[in-house]
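Novice: fold the following for me, if possible:
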Amino acid sequence: MNERLNVLIADENEPLRERLADCLPEVVGDGDVTVRANAVADTEAVWDALDTSRIDCLVVSTRMTDEHGEPLSAAVRVEGVPVVSYTRTDPSDIDIENLGRVVYDAARNTVGSLDHRALFEAVNVGLAVRDLDTLELVDINQQYADLLGSDPDSLLDTLPMDITADVPGYTAERARAEVDEAVEVGKNVFQWPIEGSSGDVVWIRVGLTVAELSGRRRLISTVEDVTEEHQRERELESLKQAVDSVDAGVTITEDSVYTYANEAAANIFGYANADDLVGTEWTNHYEDWEVEWLRELVRSDLEQTGQWQGEVRVRQLSGGEVPVRLSITVLSGERYVVVFQDLTELKERERELERSRDLLERTQRISKVGGWEYDLETDTLAWTTQTKRIHDVSLEYEPTLEDTIEFFAPEDREDLRTRFERCRDDGVPWEEEFQMVTAEGREIWVRTRGEPVIRDGRVVALRGTVQDVTDRRTREQELERANAELEALNRIVRHDIRNDMTVIVGWAELLSDHVDEDGRDILERILSTGRHTIEITEVARNLIETMSGGVVEAHPVSLSDTLDRELASLRHAFPQATFDVEGDIPEVAVRANPLLASVFGNVLNNAVKHTDGDPTITISATRDDDVVEVRIADDGPGIPDSRKELVFGKGERGLDSSGTGLGLYLVYNMVDSFGGTVHIEDNDPSGTTVVIELPIASPT
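Specialist: Alright, predicted model coming up:
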């Protein structure tokens, strides 16, 4: 490329100034030197040009002076720019040629021009000289111009932001910050986007250096096109980000040393970050025997296929172990890519699944519930382990639909087949109990359930359960027999015993006129006991109906009348006992039925029988809002705390309760049917107190 010479002409004479600007480039320049001449008319313009532009030679009239009246040619010499002065106001062509030779020689002997210019253009990188304060271009070489696809002269008036590509984050403030760093530390290297000739983004590497040229501090920039390198760096960064984002550790080893590791790998090995893992040897994370085992295990596959996969346990920095799935791939140059997938959560899920399977298996076995699934697409039937146990077949048994139906009683098979077909064809679920015969000949009852599995609007499978309900069916049959027996007992009580007692009472009443005074008391006792027995038969009838599932309606019953009648009867029956009523019994009606008399009778009777000697039974009653509390206390030996809940036989299903007898068992059930409660407390100083709470129906 030709050398370039920047000449500044300063003259107040406008015609002469313009003539020199036109003629000097022709007489100074030649085939190797291109001259660019600018002209100014005053001293201030000269100083501005010297401050903002590269000037290789100043041509100044001797008539021009500075602000102090001194010749300008002398004042500007201190700036380090060669100065050529002239005096003629109307120079001839020969004078101009002579002036041109002087200018050429002055410029050639100045640092940064002509001979030094050849070096400026010879370098294979773009060079730019800028004013350190304004960042305006002073000079550029052709390499710099070629990067931007423009001629040098058109670029000299551009600022950095004029050529910066539209890339977010690259601003004038950032450009200034890069310059400030170069000034502070002496140099700075960075990448910057510029707009190429085609409008594309061109990335350049900029090297900034602050240097003194021609007595002035300038900003020297070297620029190189690194677009391809920048693209590779971006691709590598994207690849690194992608590798870092995967849920697996990735490392590269060379000579057994990790030369690369992502953050996931660092986490697996227990390092704070990937940089701490890089540089360590992979053998540090295995026991010695494991290292030898791995080398022997993977060597053959790596030699044959270049890859190996398997599960191992790696040792963390803290000493703990992590199960991983290891994948090794051979690269060139004895390098390996190793991928670690942490299996900790997977192993935990597998253990949890195994625990769930075990729990399900135990639950199925305890509840005698099995499962089944029929795949309509493959026409296959699957049974769970418990289903096979219910059918008394081996765990290797492969069921079919037809074989399954054959297990059921002949009279139930068609019904089961119909339900299956409706579920398959119309999606109608079913739940029903059938009798079946197992493979070992046991006759059992099972509850079967079936429901459709629908995908994309069609039934693709049937799923369900089968439960052995033989024990429940047996209990139901036993309950039916017990109910029948209770009903028979009810008939006996209601008809035979009641009728016989009615006859006895009738005949006894006829004797009232035929006994003397000594026999009258005995007759009254017979009549009282007989009438009480007839009343008991009525109570027993209601009780049996309640126990057998019948409903006995409750209605208002006088509390005081009921207690008085029972006490009168018991005083006759137990003359050795003292029945002491404390205070007045509230005149209230409680929600009950005739069974209430049996409640009090059983409690009082039980108190007498379980107290030795001549017992004293204390009865009291108090009203509290909507309930009345009746307390019946004895002075017997009392009941231990561990037995207080058991004496009522709570939770028992039959008459063989764990309480003290049938009486208290019936008391609990009858009071509960009234909506009341009953419990036992200790009596002071000894004995037992039975506390009965009953809901009040209405005042009497």
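
Novice: give the buried residues for stretch 22-38.
Specialist: Across stretch 22-38, burial judged by 16 or more other Cβ atoms under 10 Å covers 23-25, 27-29, 33-37. (C-beta placed from N, C-alpha, C; glycine too.)

Novice: can you show me the helices along the stretch 1-150 of the chain?
Specialist: Per DSSP state H, counting those that start in this stretch, the stretch 1-150 of the chain carries helices over the ranges 14-28, 43-52, 72-75, 93-108, 115-122, 142-148.

Novice: quick one: distance of the fourth one to the chain centre.
Specialist: The reference is to helix 93-108. With Cα atoms, centre = their mean, to the nearest Å as the basis, helix 93-108 stands 86 Å off its chain's centre.

Novice: show me what that helix is packed against.
Specialist: Helices and strands touching helix 93-108, by 3 or more Cβ pairs under 8 Å, 6 or more residues apart in numbering; DSSP states H and E, are strand 3-10, helix 14-28, strand 57-61, strand 83-86.

Novice: the longest one relative to strand 3-10, how many degrees between them?
Specialist: Translated: helix 14-28. Using axes from the mean of the first three to the mean of the last three Cα atoms, to 10 degrees, the direction of helix 14-28 lies 160 degrees away from that of strand 3-10.

Novice: got the angle between helix 14-28 and strand 57-61?
Specialist: 140 degrees.

Novice: what average pLDDT does helix 14-28 get?
Specialist: Mean pLDDT, helix 14-28: 86.

Novice: who's in contact with stretch 631-643?
Specialist: Contact with stretch 631-643 is made by 600, 603-604, 607-608, 610-612, 615-621, 647, 680, 682-683, 686-692, as judged by Cβ atoms under 8 Å, 6 or more residues apart in numbering.

Novice: separate out the buried members of those.
Specialist: 600, 603-604, 607-608, 610-611, 615-621, 647, 680, 683, 687-690, 692.

Novice: name the nearest residue to residue 342, ignoring sequence neighbours.
Specialist: residue 268 (5.4 Å; Cβ to Cβ, 6 or more residues apart in numbering).

Novice: and the one you found, what pLDDT?
Specialist: So residue 268 comes in at 89 (pLDDT).

Novice: ok, now which ones touch the nearest residue to residue 23 once chain neighbours are set aside?
Specialist: The shortest distance from residue 23 to any non-neighbouring residue, by Cβ to Cβ, 6+ apart, is to residue 96 (5.0 Å). By Cβ under 8 Å, 6+ apart, residue 96 lies in contact with 19-20, 23-24, 27.

Novice: dump the residues you listed to TSV, plus distance to residue 529.
Specialist: Formatted as TSV, these follow (distance: Cβ to Cβ, whole Å):
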residue	distance to residue 529
19	161
20	159
23	161
24	157
27	162
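
Novice: and those, which is closest to residue 286?
Specialist: When the contacts of residue 96 are ranked by distance to residue 286 (Cβ to Cβ), residue 24 comes first, at 81.7 Å.

Novice: the nearest residue to that closest one once chain neighbours are set aside pairs with what?
Specialist: Excluding its sequence neighbours, the residue lying closest to residue 24 (Cβ to Cβ, 6+ apart) is residue 37, at 5.2 Å. Counting by DSSP bridges, residue 37 forms beta bridges with residue 7.

Novice: just checking, residue 37 touches residue 18?
Specialist: No. Residue 37 is not in contact with residue 18 according to Cβ atoms under 8 Å; the separation is 10.2 Å.

Novice: now residue 373: how far from residue 426?
Specialist: Going from residue 373 to residue 426 by Cβ to Cβ, to the nearest Å gives 19 Å.

Novice: the more surrounded of those two?
Specialist: The neighbour comparison of residue 373 against residue 426 (other Cβ atoms under 10 Å) goes to residue 373, with 14 against 9.

Novice: for the spatially most central residue of the chain, grab phi and psi.
Specialist: Centroid-nearest residue in the chain, with Cα atoms, centre = their mean: residue 345, separated by 13.5 Å. Main-chain torsions, residue 345, degrees, to the nearest 10: phi -70, psi -40.

Novice: now do the helices in the stretch 251-400 of the chain.
Specialist: Using DSSP H, counting those that start in this stretch, helices in the stretch 251-400 of the chain cover 263-269, 274-277, 288-304, 344-367, 385-390.

Novice: ranking those by burial, who's on top?
Specialist: Mean neighbour count (mean count of other Cβ atoms under 10 Å) peaks for helix 263-269 among the helices of the stretch 251-400 of the chain, with a mean of 22.

Novice: got the CA coordinates for stretch 27-47 in PDB?
Specialist: The C-alpha coordinates for stretch 27-47 follow below in PDB (Å, rounded to 0.1, in the frame of the first residue of the first chain):
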ATOM      1  CA  VAL A  27       4.300  18.100  -5.900                       C
ATOM      2  CA  VAL A  28       5.000  16.300  -2.600                       C
ATOM      3  CA  GLY A  29       3.300  13.000  -3.400                       C
ATOM      4  CA  ASP A  30       4.500  10.400  -5.900                       C
ATOM      5  CA  GLY A  31       3.700   6.800  -6.700                       C
ATOM      6  CA  ASP A  32       4.600   5.700  -3.100                       C
ATOM      7  CA  VAL A  33       3.300   8.600  -1.100                       C
ATOM      8  CA  THR A  34      -0.300   9.900  -1.000                       C
ATOM      9  CA  VAL A  35      -0.600  13.400   0.500                       C
ATOM     10  CA  ARG A  36      -3.700  14.700   2.200                       C
ATOM     11  CA  ALA A  37      -3.700  18.500   2.700                       C
ATOM     12  CA  ASN A  38      -6.000  20.500   4.900                       C
ATOM     13  CA  ALA A  39      -6.000  24.300   5.300                       C
ATOM     14  CA  VAL A  40      -7.000  26.500   8.300                       C
ATOM     15  CA  ALA A  41      -7.200  30.300   8.600                       C
ATOM     16  CA  ASP A  42      -6.300  31.000  12.200                       C
ATOM     17  CA  THR A  43      -4.200  30.000  15.200                       C
ATOM     18  CA  GLU A  44      -7.000  28.400  17.100                       C
ATOM     19  CA  ALA A  45      -7.800  26.100  14.300                       C
ATOM     20  CA  VAL A  46      -4.100  25.000  14.100                       C
ATOM     21  CA  TRP A  47      -4.100  24.000  17.800                       C
END
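
Novice: can you list contacts of it?
Specialist: 2-12, 14, 17-18, 20-22, 24-25, 49, 53, 58, 60, 64-67, 72, 76, 96-97, 99-101, 103-104, 114, 153.

Novice: Three-state assignment for the spatially closest residue to residue 432 that is not a sequence neighbour, please.
Specialist: Spatially, and ignoring its direct neighbours in sequence, residue 432 is nearest to residue 448 (6.1 Å; Cβ to Cβ, 6+ apart). Here residue 448 is recorded as strand under DSSP: H, G, I helix; E, B strand; the rest coil.
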